[in-house]
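Colleague: Let me see the structure of the following:
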Amino acid sequence: MGPKRLALLLTHFSTPTAALDAPRREWHHAGLPEGVTQARADAEKVAAITDWLAADATHHLIARGDPHFPAALEDLPDAPAALFARGRVAALSEPQIAMVGSRTPTTGGRQNARAFARHLAAQGLVITSGLALGVDGEAHRGALDVNGITIAVLGSGIDRLYPPEHASLADEIVAGGGVILSEWLPGTEPRRGHFPRRNRLISGLACGVLVVEASVKSGSLITARLAGEQGRDVFAIPGSIHNPLARGCHHLIREGAKLVETGQDVLEELAPTLRRQLEATATATEESAGPGPEAPPSPRDPEQQRILELLGHDPQPADTLIEASGLTAGEVSSILLMLELAGEVSTLPGGLYVRTS
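Modeller: All right, here's what the predicted structure looks like:
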């Protein structure tokens, strides 16, 4: 069953669980063709889904309309009807930068992927990639190096990790507060055609896409094209004119991608986009409250309030806040980024932070 038929199913039934529990005739009444309703009669396929969901508290099925369904994906013309997730699903709605590139990068490409991911994750951005060998793996590891958050989007069922060499990396991602994500039903094997489709989710979840190193025929350029169509920023790291894996990045730069040489370049370019996201979130929160007498300002997230209280108006390094708050380095970095974009915190030379509000 593909995403469109799954969407039809979830429109008819109130919840994914109700759809799975319904008899075959109800699937037929939902408008699904006979071939699909016949598949519904295969108890093993249904059991694979329910068994996976029941196997661990970190296993989730998130349908559109669910509070945890990423708002960034809602407006995509081919948005998935539902997502299978393993891990801390709140990470799906946190600010993200996607990092993609060659599965066989140069030594320099590997180093760049890891270094950029470390810097961006340390500043509070979630690193989103595809768990592939090469650049993807280095991006995930770079985030984990600084206790940051990272998301891996699969081109297979969530219980069919590909490549299998990255099974332990996937476990580290979940243990570190990140997410393994797939739109494919459990039990779905990886197929060549799944990966280009998967790429629209990688770009769609993020504020922007950073192409680290890629040939002119790389699938990473598909992700970059999708990002442009989705209104996301596209960044590319330049390289030697003699390196075939730099030519894809050079092509993107000629087409309008932003040339970046450091992680800070990416952050500076993304700052306006991140501010707009915060403003849109605040507006949506106000509208959901409905009309009425003037209400007091919406309370901050408790963890944000805690960091502000600890920070005060004396400059402090992030390490002090991490130790005093009991939060992880990734969580504190993310909170500081959000507070800085909201104008409540400023960054000073030497990696110090000071409260401005």
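
Colleague: what bridges to Leu83?
Modeller: The partner list for Leu83 in beta bridges (DSSP bridges) reads Ile62.

Colleague: tell me the contacts of it?
Modeller: 61-62, 69-70, 181-183 (Cβ atoms under 8 Å, 6 or more residues apart in numbering). Placement of C-beta: from N, CA and C, glycine included.

Colleague: And it, how close does it get to Gly256?
Modeller: 31 Å (Cβ to Cβ, to the nearest Å).

Colleague: swap in Ala18?
Modeller: For Ala18, the distance to Gly256 (Cβ to Cβ) stands at 46 Å.

Colleague: which of those two has more neighbours?
Modeller: Applying other Cβ atoms under 10 Å to Ala18 and Gly256 shows that Ala18 carries more neighbours, namely 13 against 8.

Colleague: Where do the helices of the stretch 201-350 of the chain begin and end?
Modeller: 220-229, 247-254, 263-289, 302-311, 318-325, 329-341 (DSSP state H, counting those that start in this stretch).

Colleague: Mean pLDDT added to these, as CSV?
Modeller: Output for the helices of the stretch 201-350 of the chain, formatted as CSV (pLDDT from 0 to 100):
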stretch, mean pLDDT
helix 220-229, 96
helix 247-254, 98
helix 263-289, 70
helix 302-311, 87
helix 318-325, 90
helix 329-341, 79
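
Colleague: Can you say which of those helices is nearest to Gly177?
Modeller: With respect to Gly177, and counting by Cβ to Cβ, the nearest of the helices of the stretch 201-350 of the chain is helix 329-341 at 6.5 Å.

Colleague: what packs against the closest one?
Modeller: Counting contacts by 3 or more Cβ pairs under 8 Å, 6 or more residues apart in numbering; DSSP states H and E, helix 329-341 is packed against helix 107-122, helix 263-289, helix 302-311, helix 318-325, strand 345-348.

Colleague: which of the contacts of Leu83 count as buried?
Modeller: The neighbour-count test (16 or more other Cβ atoms under 10 Å) marks 61-62, 69-70, 181-183 as buried among the contacts of Leu83.

Colleague: Asn199 and Ser129 touch, don't they?
Modeller: No: Asn199 sits out of contact with Ser129 when judged by Cβ atoms under 8 Å, with a separation of 10.5 Å.

Colleague: Give me the common contacts of the two.
Modeller: Taking Cβ under 8 Å, 6+ apart as the criterion, Asn199 and Ser129 both touch Val100.

Colleague: Compare the two (neighbour count), which wins?
Modeller: Neighbours per residue, other Cβ under 10 Å: of Asn199 and Ser129, the larger number sits with Ser129, 30 against 25.

Colleague: surely Gly124 meets Leu339?
Modeller: No: at 9.5 Å, Gly124 and Leu339 do not qualify as touching, with contact defined as Cβ under 8 Å.

Colleague: more crowded one of the two?
Modeller: Remark: of Gly124 and Leu339, Gly124 carries more neighbours, 26 against 23, as counted by other Cβ under 10 Å.

Colleague: Let me know the secondary structure of the more buried one.
Modeller: Assigned with DSSP: H, G, I helix; E, B strand; the rest coil, Gly124 falls in the coil class.

Colleague: List the residues that contact it.
Modeller: The neighbours of Gly124, taking Cβ under 8 Å, 6+ apart as the test, are 95, 330, 333-338.

Colleague: want to throw these into CSV with distance to Tyr353 and neighbour count?
Modeller: Formatted as CSV, the contacts of Gly124 follow (distance: Cβ to Cβ, whole Å; neighbours: other Cβ atoms under 10 Å):
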residue, distance to Tyr353, neighbour count
Pro95, 17, 20
Gly330, 16, 26
Ser333, 10, 24
Ser334, 13, 25
Ile335, 10, 24
Leu336, 6, 21
Leu337, 10, 22
Met338, 12, 23
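
Colleague: tell me which of these is nearest to Ala246?
Modeller: Proximity of the contacts of Gly124 to Ala246, judged by Cβ to Cβ, is greatest for Pro95, which lies at 28.1 Å.

Colleague: ok, that closest one touching Gln123?
Modeller: No: with the criterion set as Cβ under 8 Å, Pro95 and Gln123 do not qualify as a contacting pair; they are 9.8 Å apart.

Colleague: which residues are in contact with both of the two?
Modeller: Overlap between the neighbourhoods of Pro95 and Gln123 consists of Leu337, taking contacts as Cβ under 8 Å, 6+ apart.

Colleague: any idea which helix or strand comes after the host helix or strand of Ile151?
Modeller: Secondary structure assigned from DSSP states H and E places Ile151 in strand 150-153. The helix or strand immediately downstream of strand 150-153 is helix 167-175, counting by DSSP H and E.

Colleague: how close does Leu83 sit to Val126?
Modeller: Applying Cβ to Cβ, one obtains 15 Å for the distance of Leu83 from Val126.

Colleague: Look up the closest residue to Thr262, ignoring the ones flanking it.
Modeller: Excluding its sequence neighbours, the residue lying closest to Thr262 (Cβ to Cβ, 6 or more residues apart in numbering) is His119, at 7.4 Å.

Colleague: For the one you found, the count of nearby residues, please.
Modeller: Here the neighbour count serves as a burial measure; for His119 (other Cβ under 10 Å) it reads 18.

Colleague: Could you list the low-pLDDT ranges of this protein?
Modeller: 1-12, 14-17, 19-21, 23-25, 27-46, 278-300 (pLDDT under 70).

Colleague: tell me the domain ranges of it?
Modeller: According to the TED database, the chain is divided into the following domains: 1-39, 57-279, 300-353.
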